[in-house]
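**Student:** What would the 3D arrangement of this be:
(one chain, ligands or ions: 1)
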Amino acid sequence: MGILEGKKGLILGTANDKSIAWGVTQACHREGAELGFNYLGEALEKRVRPLAESVDAKFIEPMDVGDDASMDAFFAKVAERWGKLDFIVHSIAFANKDALKNRFSNTSREDFQLALNISAYSFVAVAGRAAALMQNGGSMVTMTYLGAVRAVPNYHVMGVAKAALESSTRYLAQDLGPDGIRVNAVSAGPIRTLAASAVGDFRNLMAKSARGSMLKRNVSQEEVGNTAAYLLSDLASGVTGEVHYVDSGFHIGAGDPGAE
Ligand code: NAP
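**Tutor:** From the prediction side, this is the model:
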């Protein structure tokens, strides 16, 4: 029997089969969960629907986390279809490419707000709506990166957003803990995905992260997915407010992913 048998959960942020959310999906499906998915817009439905259907998902609906009405409509459908929810995976981030290319000190107010809104506030907005459906407790996991706590070259405003995301994880854990809801973040090492392609010199970052790590290699979507599945399951019943690194141990070393 799988560790998520009998649980219903939402996977938010699948773009394609390279997405970290897809690694989490495969682990959760293997462990017996019933899964629901969002997609951002009609054009992206074509990519998400076949993937979701390949893991027997029946709940596949649009949701833009930048739009409250879209979020309300999505969660109303979850309530109608499932009535309850056991877990959510938030695997969503966005920043304007220019904000990652230009000098950090030139970040515009608009780009700062956009990155923080979609990449950090959206977790709070999703958590509040999901918690209302978690009558028997639940588990929430978001995806973060080392750039939250170190100044990683080219990560810029996304690092600030990840710092806000990690702090939000702790405050959500405090707020929702009395309701039996656990909230954790997985800090993944660099993985080649659509979102990652916006980060300048990402190839170099990956090479340096592998060299500076304890395992001397980068991690896979599957490894991140397996860790998320554990945090979502009752095996992690005593764990909340945590930032759990899945980065081949890079963060404990002295290596800077951007250093020569
Ligand atoms: P990805 O496949 O591009 O996933 C990012 C997802 O965010 C996409 O599904 C994207 O949807 C979605 N998204 C963006 N704006 C949205 C909005 N307004 N409403 C709803 N969804 C929206 O890239 P990923 O690397 O797997 O990223 C997933 C998470 O992992 C992110 O939080 C990222 O920061 C984090 N992370 C990534 C790495 C890495 O090296 N790749 C490392 C650590 C942490 P569309 O594609 O449909 O626009």
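
**Student:** Tell me which helix or strand Ala163 sits in.
**Tutor:** helix 156-176 (DSSP states H and E).

**Student:** can you list the residues that contact that helix?
**Tutor:** Under the criterion Cβ atoms under 8 Å, 6 or more residues apart in numbering, residues 93, 95, 99-100, 104, 107, 111-112, 115-116, 119-121, 123-124, 127, 131, 140, 142, 144-145, 147-152, 182-185, 199, 240-241, 243 lie in contact with helix 156-176. The C-beta positions use only the backbone N, C-alpha and C, and glycine is treated the same way.

**Student:** Select only the buried ones of those in ChimeraX?
**Tutor:** This is the ChimeraX syntax for the buried subset of the contacts of helix 156-176, where burial follows 16 or more other Cβ atoms under 10 Å:
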select :93,95,99,100,107,111,112,115,116,119,120,121,123,124,127,131,140,142,144,145,147,148,152,182,183,184,185,199,240,241,243
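
**Student:** Filter the contacts of helix 156-176 down to the ones in helices?
**Tutor:** Among the contacts of helix 156-176, the members falling in helices (DSSP state H) are 99-100, 111-112, 115-116, 123-124, 127, 131.

**Student:** on that earlier part again, got the buried residues for the helix holding Ala163?
**Tutor:** 156-166, 168-170, 172-173, 175-176.

**Student:** Show the average pLDDT along that helix.
**Tutor:** In this model, helix 156-176 has an average pLDDT of 98.

**Student:** What residues does the stretch 151-260 of the chain have near the ligand?
**Tutor:** Residues of the stretch 151-260 of the chain found near the ligand (Cβ under 6 Å from any ligand atom) are 188, 190-191, 193-196.

**Student:** and Ala228, how many neighbours does it have?
**Tutor:** Neighbour count of Ala228, defined by other Cβ atoms under 10 Å: 30.

**Student:** With Val141 instead?
**Tutor:** For Val141, the number of neighbouring residues by other Cβ under 10 Å comes to 28.

**Student:** pretty sure it contacts Ala188?
**Tutor:** No. Using Cβ atoms under 8 Å, Val141 is not in contact with Ala188, being 11.2 Å away.

**Student:** Val199 against Ile191, yeah?
**Tutor:** No. Taking Cβ under 8 Å as the definition, Val199 is not a contact partner of Ile191, at 11.3 Å.

**Student:** buried ones in stretch 205-216?
**Tutor:** By 16+ other Cβ under 10 Å, the buried positions in stretch 205-216 come out as 205-206, 208-210, 212-213.

**Student:** Now tabulate those residues in TSV and tack on pLDDT and secondary structure.
**Tutor:** As requested, those are exported to TSV (pLDDT from 0 to 100; DSSP: H, G, I helix; E, B strand; the rest coil):
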residue	pLDDT	secondary structure
Leu205	93	helix
Met206	96	helix
Lys208	94	helix
Ser209	96	helix
Ala210	96	helix
Gly212	95	helix
Ser213	97	coil
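
**Student:** Just the C-alphas of stretch 75-88, formatted as CSV.
**Tutor:** Output of stretch 75-88 as CSV, limited to C-alpha atoms (Å, rounded to 0.1, in the frame of the first residue of the first chain):
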residue,chain,number,x,y,z
PHE,A,75,-11.4,26.0,-5.5
ALA,A,76,-15.2,26.2,-5.8
LYS,A,77,-14.8,23.3,-8.3
VAL,A,78,-12.5,21.4,-6.0
ALA,A,79,-15.2,21.8,-3.2
GLU,A,80,-17.9,20.7,-5.5
ARG,A,81,-16.0,17.7,-7.0
TRP,A,82,-14.2,16.4,-4.0
GLY,A,83,-15.7,18.1,-0.9
LYS,A,84,-12.4,17.7,0.9
LEU,A,85,-8.7,17.9,0.3
ASP,A,86,-5.7,16.2,2.0
PHE,A,87,-2.7,18.0,0.3
ILE,A,88,-1.5,20.6,-2.1
